[in-house]
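**Q** Got a predicted structure plus its sequence, pasted below:
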Amino acid sequence: MSTLGVGIFGIGGKMGSEVRRAVTAAEDMEVTGGADLGEPRERIGDAAVAVDFTHPDAVMDNIEWCVPRGINMVIGTTGFNEERLARVRELCAANPGVGVLVASNFSIGAVLMMQFAAKAAPFYPSAEIVELHHPNKADAPSGTSATTAGKIAAARAAAGMGPVPDATVHDAGARGAVVDGIHIHGVRLQGLVAHQEVLFGTHGETLTIRHDSFDRASFMPGVLAGVWWVIDHPGLTEGIETIIGL
Ligand SMILES: NC(=O)C1=CN([C@@H]2O[C@H](COP(=O)(O)OP(=O)(O)OC[C@H]3O[C@@H](n4cnc5c(N)ncnc54)[C@H](OP(=O)(O)O)[C@@H]3O)[C@@H](O)[C@H]2O)C=CC1
Ligand SMILES: O=C(O)C1=N[C@H](C(=O)O)C[C@H](O)C1
């Protein structure tokens, strides 16, 4: 049986080393190589798919390098906004055979949490997000919380809802970051991996939707499914929802 070649940007990092283990353990894939910060990108070897778990400051240069070379990509690195996604679409349009998957979270439970949150959103005037991570994380708010805020905001807009109620006029920063009108609070704590609570409120009741990744193995089924997906789906795919049938 022939195997699919996978190169890894960020291979020495927490996620990159987990991807290396998962790809090595998969019967139908093999690791062709990997590169870390400062190393030549050619070190990913003869890869059909490059997986990127690096840094928000590094990921765009890796995409600019891979796509014109015909290398498909699965990207978990955070820091994407509309401008960055538009550039990825542009690169894919110029290189029509190439597929790029960008997902802020590859765990099945996190994807379900985001979908449940979007479903709940129209029923609750109040909505806030608490994201909790290990203290070595570079970015805040997390990519997952920003994606969740976007989905909640879209559901609220579709339901014709106005802004969340909030009388705060003196804020020394305790109300968190605001993404698409939704407040996000970030916690960085030793002992944590990746966790999120979405809190909803209306008169007399609240609803809390919580997801916990206790181990980075939780992201691997989504990453491996994404690797097989991109080789047959040219252009940009956002999130793993369609890949896992949600
Ligand atoms: N989508 C998802 O499901 C998930 C996404 N993430 C995201 O993945 C990213 C990485 O997370 P994590 O593994 O915890 O971080 P780490 O800091 O553990 O690993 C990052 C790795 O990337 C390397 N790196 C940095 N810049 C470059 C570059 N220009 N080229 C190649 N390698 C580079 C680092 O090398 P060096 O150490 O030499 O600097 C390091 O090995 C983050 O954005 C995080 O939010 C994390 C978990 C799940
Ligand atoms: O840095 C992490 O660890 C994680 N990053 C992603 C994010 O920013 O949402 C996904 C997950 O939360 C773990």
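**A** Nice, thanks for sending it over. Ligands and ions are numbered 1, 2, ... in the order given.
**Q** Can you pull the domain assignment for this structure?
**A** 4-102+217-244, 108-214 (the TED database).
**Q** and Gly162, how many neighbours?
**A** 9 (other Cβ atoms under 10 Å). Where C-beta positions appear, they are placed from N, C-alpha and C, glycine not excepted.
**Q** ugh, typo on my part, it should be Ala167
**A** 4.
**Q** what about it, which SS state?
**A** Of the three states, Ala167 takes coil according to DSSP: H, G, I helix; E, B strand; the rest coil.
**Q** residue contacts, it?
**A** With contacts defined as Cβ atoms under 8 Å, 6 or more residues apart in numbering, Ala167 has no neighbours.
**Q** ok, it to ligand 1 distance?
**A** Going from Ala167 to ligand 1 by Cβ to the nearest ligand atom, to the nearest Å gives 33 Å.
**Q** same thing with Leu207?
**A** Leu207 is 24 Å from ligand 1, by Cβ to the nearest ligand atom.
**Q** Likewise for Gly13?
**A** Taking Cβ to the nearest ligand atom, one finds Gly13 at 2 Å from ligand 1.
**Q** Report the rounded mean pLDDT for stretch 217-226.
**A** In this model, stretch 217-226 has a mean pLDDT of 98.
**Q** Ok, stretch 115-123 next?
**A** 98.
**Q** if we can go back for a sec, most tightly packed of the domains of the chain?
**A** Ranked by average neighbour count under the criterion mean count of other Cβ atoms under 10 Å, these are headed by domain 4-102+217-244 at a mean of 19.
**Q** Need the distance between the two termini of that one.
**A** Distance across domain 4-102+217-244, first residue to last, is 20 Å (Cα to Cα, to the nearest Å).
**Q** What parts of the protein come near ligand 1?
**A** 9-10, 12-16, 35-37, 53-56, 58, 76-78, 103-106, 143, 219 (Cβ under 6 Å from any ligand atom).
**Q** Can you pull up the most central residue in this structure?
**A** Nearest residue to the geometric centre of the chain (Cα atoms, centre = their mean): Ser104, 0.7 Å.
**Q** How about the backbone phi and psi for that residue?
**A** Dihedral angles of Ser104 (phi, psi; degrees, to the nearest 10) stand at phi -80, psi -20.
**Q** rewinding a little: nearest to ligand 2 among the domains of the chain would be which one?
**A** Proximity to ligand 2, assessed across the domains of the chain by Cβ to the nearest ligand atom, is greatest for domain 108-214 (3.2 Å).
**Q** Appreciated, that's everything.
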